[in-house]
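Engineer: Have a look; sequence and predicted model below, questions after that.
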Amino acid sequence: MAEAIYDALGAALTRWTMGGAAAPVAPPAWAAHLGDEAGEAELRLLALSGQFLGVLVSPAPPEGLQRLPDVPVLAMPALPEAQRPLARRILRTLRDTGSRRDLLRFLVARGWTLHPGDWMPTVNDEDVPDVYAPWRDWAEGSAVARPGTAEALTERNWEDYWPAARSAALTALRRRDPAAATTLLAAKLGGEGAEVRLRLLGLLATRLSDVDRPFLESLSADRAPKVKALAAALLARLGHGSAVGEEAAELAGFFELQTKGLIRRTRVVAARPMKTPAQRSRRQILFEAVDLAAFARALNGTPEELVALWPWSEDRQADQALVGMAERSGSDALVAALHDLLLVQGNVDVPAMLILVPRLDAAQRSDFALRVLRAGGGTFQMAVALTGGESPLDGAIDTTAGTVLLGALKAEDAAKRADLTAELHALGLIASHGAAREALDRLARAGLLAADPRLDLLRLNAALEDGGIR
Amino acid sequence: MAIDLQAIERLATDQPSLKAAAGLAKPAKWSGIGASHDGALIWGECAGSGANPYRVMADLRDLGNKCTCPSRKFPCKHVLALLWLKAEAIVPFGAADTPDWVSDWLGRRRTGAAAARPAMPGAPVAAKDVRAALEVEPEAPEDPKAAARREAASAKRAEDTERAILEALDALEQWIGDQLRLGLGAFVDDVTARCRRIGARLVDGKAATLAGRIDELPARLLALPSGDRARGAVIELGKLVLLARAFRAAPRDADIRRAVASAESRETVLGDPTALRLTATWEVLAEQVQTRRDGLVSQTTWLLNLGAAGPRFAMLLDFFPASAGKRGSVFTPGDQFNGELVFYPGRMPLRALLLSRSPAEPGAPDWPPPAALAEMLSAPMLAEPWTIDVPILLPGGRLAVDATGQAWWRAAEGDAVLPVAGAAEGLIRGTDLTHAAAIWSGGRLEILAAQTPWGRIGAHG
């Protein structure tokens, strides 16, 4: 009977949709209940139809419903249940992807991941730690499960991997067996799009050696200028930079080698005065295009000499441009020398050191972060920028930055200052487990309430045991 | 940290506030009293006129304070009462971890700006007197004639209201007939403007709840896929006809009156001996906050009864003006507590008031097994055919998507497949849903929470 009513209702619905009386075409089973008055009949039919459709009819599912695969379990455990509310609250306060990336790195450094009910990456979240790669691939809409990815990445199973998992596997392979990673990339890179080629090629920066040279040289014919430029920069790091070209010569023209001192004559690189902003802008463009070795040769020296003779601190923009050039195309030895040189500068140029960060190892970064915190003017936010939250620091509050923070928190306007909120958050990101507990004690003695939400990250840090990794 | 009554006296804006606070400074009015380990913060929940208790908190260092009540007085009587409880040690303030809602307030407040401004030293305090506030005023003897006059006036008002509502319902039916004659296709295209006109007529006719429902009708209709809207309009308008007819048949029926005119006051529900009272362990499923077209914000808290007896769900509903600003959440989804609720009388009791609550013992029971799906979907619609939202507990199932990305819930056993409202994103799309609690509304499921192999997750988990 319900079927018959449903079929008959089709005509009534059509009439109502277009506008008009539907009672004349009402389901026969209801006709006797509609009465004789036309307006009343329409309302009764409407009431019956609405109830019928609302209770007995629900939309039919379309053909081909797809069940999405399970959200994968990650290689690190999700935060303990007790800490999830705190993590959720912290997540709600993070305004940009950079802050969220720092939190994710901090957690991964401690062996934990976020619960997927609290946060999941999208496919475009490329800067999240590799441990989340399975979730990024899942978010890509992996309705079609690919074959097993448990085995190591090889040329044969390259296509079995989803992109994020493949990138993570290649990173791991590069750390474990650099030559194998190069061989694999040489075989498969050509089949990928320019953006992917660029990203995967960047993985070769880890454990770069002469073994990679033939492959990198083969990329001089790559279709994408950015890929070519990256390959050239990696070659330059190996000491096979480009010859002195027009751009290197033009850049060298902005500088000159001078001799200083009357008795003990020393050579220095001096910047020629620039007359217009356009010249400054052009010089900056050239710094970003020329490799270090070519620039040094254009000035008749070696990269080591160039760094040694450079007039540090006279022109911060030029300093940072040179550091950027070294980061991009300098050899490992030169970067190490530059790192040491920047450290002994009277007034450490933190922005310059930040440029060098991608080429520094974890110990160098932690060491420098501690120096920054101990020096006047250093902040916990600078330390986060240097370490990325990946290198827990002991004794963080026992630094000049800590003393400054404790003092500032006593000021009358402390509760209103967003910079102090950011400092407390940053302290939570860089402090080791013990340092976080110690900091909480000191901050409580300084008058902060334990429940102060500015201490959320420190509290999460102190509550998280190290070694979440299974 | 200590506080004395003199400080409360100074803090109060006037003597009536103190008087009201004295009435509230009784243990029976409060639950969830606590203090931070350092003793600086105190908090508690005080029964008010809404469905939810008010959350009251204070910082004893500077007497900064906050209450979720809508009072324009600052501090309100609830804050004064909380401080009074502390000053006189009327109830113990056990040291506990600071709840999130207190920490959230602490983060928002700016010391100095939001802190209470105790009257300046030397300011006269004689105008406010704690002892006077405690004095019980003798009740004036009731004048029987005045009482009779009041009753007669009240009866006359009720009669006038009923007549106005009936006239408004006539206008509503006329309007529905017009929509059918002009075509539901055109109605869907112009639904907002048309509903606004009849909504205004219903407000004039004292059918306030019905007016609010019609105000929200366009949003419900436009949330449906375009091909489904004419059918949705038939269901929505059909329910309105049924409700109008039900009111004409039984204008004094509490359920129907609530759906048309207004809900009973808290006092009426509390004083109704037939109202169901139930003490059980409850889980907070979700809180929905919606700014309505009439300028009110509705705050709906859905509770799941974890016990075996009584209604499976309860709904706590409060309204406050949007101009009052953002209001803190009363509950955190996933919270479990023991609580006594009193339900508004009805055929299918759902809306309730929270009378008291205390923390649930560790190891609270799991979600109960769901009833038969067809029965859950249809029983409330048959008992109250004008019902819009029906909370249901779904058996094991999983979401699947169609070619357009629309999500569907599919039962693990049997062939039930139901469409899911809105975009279901994240974990909920990629895991088994051992159980799920949802609202069945307009032929769509709105999932509130689910039990999964990953634990309990919310709608967007």
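Structural biologist: Alright, I've got the coordinates. Predicted model, so just to flag it, every value in this text is computed and none were measured.

Engineer: Can you pull the phi/psi pair for the nearest residue to B:Ala421 once chain neighbours are set aside?
Structural biologist: In this structure, B:Ala421 finds its nearest non-sequential neighbour in B:Arg444, 3.8 Å apart by Cβ to Cβ, 6 or more residues apart in numbering or on different chains. C-beta coordinates here come from the backbone N, C-alpha and C atoms, glycine included. B:Arg444 has phi and psi values of phi -130, psi 150 when expressed as degrees, to the nearest 10.

Engineer: Check the contact between B:Arg444 and B:Leu224; I expect there is one.
Structural biologist: Yes - A contact is recorded between B:Arg444 and B:Leu224 when judged using Cβ atoms under 8 Å, the distance being 7.4 Å.

Engineer: nearest spatial neighbour of A:Leu405, skipping sequence neighbours?
Structural biologist: A:Glu423 (5.3 Å).

Engineer: Please apply the same query to A:Ala172.
Structural biologist: Nearest non-adjacent residue to A:Ala172, counting by Cβ to Cβ, 6+ apart: A:Asp130, 7.8 Å away.

Engineer: Could you report the neighbour count for that neighbour?
Structural biologist: 17 (other Cβ atoms under 10 Å in any protein chain shown).

Engineer: Tell me, how many residues neighbour B:Glu340?
Structural biologist: For B:Glu340, the neighbour count with other Cβ under 10 Å is 17.

Engineer: Mind checking what secondary structure it has?
Structural biologist: Counting by DSSP: H, G, I helix; E, B strand; the rest coil, the backbone at B:Glu340 sits in strand.

Engineer: Distance of it relative to chain A?
Structural biologist: Here the criterion is Cβ to the nearest Cβ, to the nearest Å. By it, B:Glu340 lies 26 Å from chain A.

Engineer: Pairing partners for that residue in the sheet, please.
Structural biologist: Beta-bridge partners recorded for B:Glu340 (DSSP bridges): B:Thr279, B:Ser356.

Engineer: pLDDT score assigned to the nearest residue to A:Val211 once chain neighbours are set aside?
Structural biologist: Setting aside the residues directly before and after it, A:Val211 is nearest to A:Ala179 in space (Cβ to Cβ, 6+ apart), at 5.1 Å. Looking at A:Ala179, its pLDDT stands at 93.

Engineer: Kindly report the same for A:Ala145.
Structural biologist: A:Ala145 carries a pLDDT score of 50 in this model.

Engineer: swap in B:Cys69?
Structural biologist: For B:Cys69, pLDDT reads 86.

Engineer: Once you drop chain neighbours, what's closest to it?
Structural biologist: In space, B:Cys69 comes closest to B:Tyr54 once its chain neighbours are excluded; the distance is 4.4 Å by Cβ to Cβ, 6+ apart.

Engineer: so that neighbour makes contact with B:Trp43?
Structural biologist: No - contact criterion Cβ under 8 Å: B:Tyr54 and B:Trp43 do not qualify, at 11.1 Å.

Engineer: what about the most centrally placed residue in chain A, which SS state?
Structural biologist: With distances taken as Cα atoms, centre = their mean, A:Asp127 lies nearest the centre of chain A, 2.6 Å away. Following three-state DSSP, A:Asp127 is assigned to coil.

Engineer: Longest helix in the chain, please.
Structural biologist: Just so you know, I chose chain A. helix A:38-56 (DSSP state H).

Engineer: switch to chain B, that's the one I care about
Structural biologist: Using DSSP H to define each element, chain B has its longest helix at helix B:144-182.

Engineer: Now whichever helix or strand comes after that one: average pLDDT?
Structural biologist: Using DSSP states H and E, the helix or strand that follows helix B:144-182 in sequence is helix B:184-189. Confidence over helix B:184-189 (mean pLDDT, whole number) is 96.

Engineer: cool, and stretch A:285-294?
Structural biologist: Per-residue pLDDT values over stretch A:285-294 give a mean of 92.

Engineer: How about stretch A:449-466?
Structural biologist: Per-residue pLDDT values over stretch A:449-466 give a mean of 91.

Engineer: ok, and does it reach over to chain B?
Structural biologist: Yes - when contact is scored as Cβ under 8 Å from any Cβ of the partner chain, part of stretch A:449-466 falls within range of chain B: A:449-454, A:456.

Engineer: Do you have the strands of chain A handy? List them.
Structural biologist: With DSSP state E as the criterion, chain A has strands at A:66-67, A:255-260, A:266-271.

Engineer: out of those, which comes closest to B:Ala308?
Structural biologist: Between B:Ala308 and the strands of chain A, the shortest separation by Cβ to Cβ is 33.2 Å, and it involves strand A:66-67.

Engineer: what's that closest one packed up against?
Structural biologist: Applying 3 or more Cβ pairs under 8 Å, 6 or more residues apart in numbering or on different chains; DSSP states H and E, one finds that strand A:66-67 makes contact with strand B:397-401.

Engineer: What helices and strands are in contact with the helix or strand following the strand it packs on?
Structural biologist: With elements assigned by DSSP H and E, the helix or strand that comes after strand B:397-401 is strand B:407-411. Strand B:407-411 makes packing contacts with strand B:397-401, strand B:417-419 when contacts are defined by 3+ Cβ pairs under 8 Å, 6+ apart.

Engineer: ok, and what's touching strand B:407-411?
Structural biologist: By Cβ atoms under 8 Å, 6 or more residues apart in numbering or on different chains, the list of residues contacting strand B:407-411 from outside reads A:61, A:65, A:67, B:373, B:394-402, B:416-420, B:423-424, B:429, B:433, B:436, B:438, B:445, B:447.

Engineer: ok, of those, which come out buried?
Structural biologist: A:61, A:65, B:373, B:394-395, B:397-401, B:416-420, B:424, B:429, B:433, B:436, B:438, B:445, B:447 (16 or more other Cβ atoms under 10 Å in any protein chain shown).

Engineer: ranges for the helices of the stretch 301-450 of chain A?
Structural biologist: Assigned by DSSP state H, counting those that start in this stretch, the stretch 301-450 of chain A shows helices spanning A:303-309, A:316-329, A:332-344, A:350-356, A:362-374, A:380-387, A:400-408, A:418-430, A:433-445.

Engineer: so which of these is the most packed in?
Structural biologist: Burial among these, expressed as mean neighbours by mean count of other Cβ atoms under 10 Å in any protein chain shown, is greatest for helix A:380-387, which shows a mean of 24.
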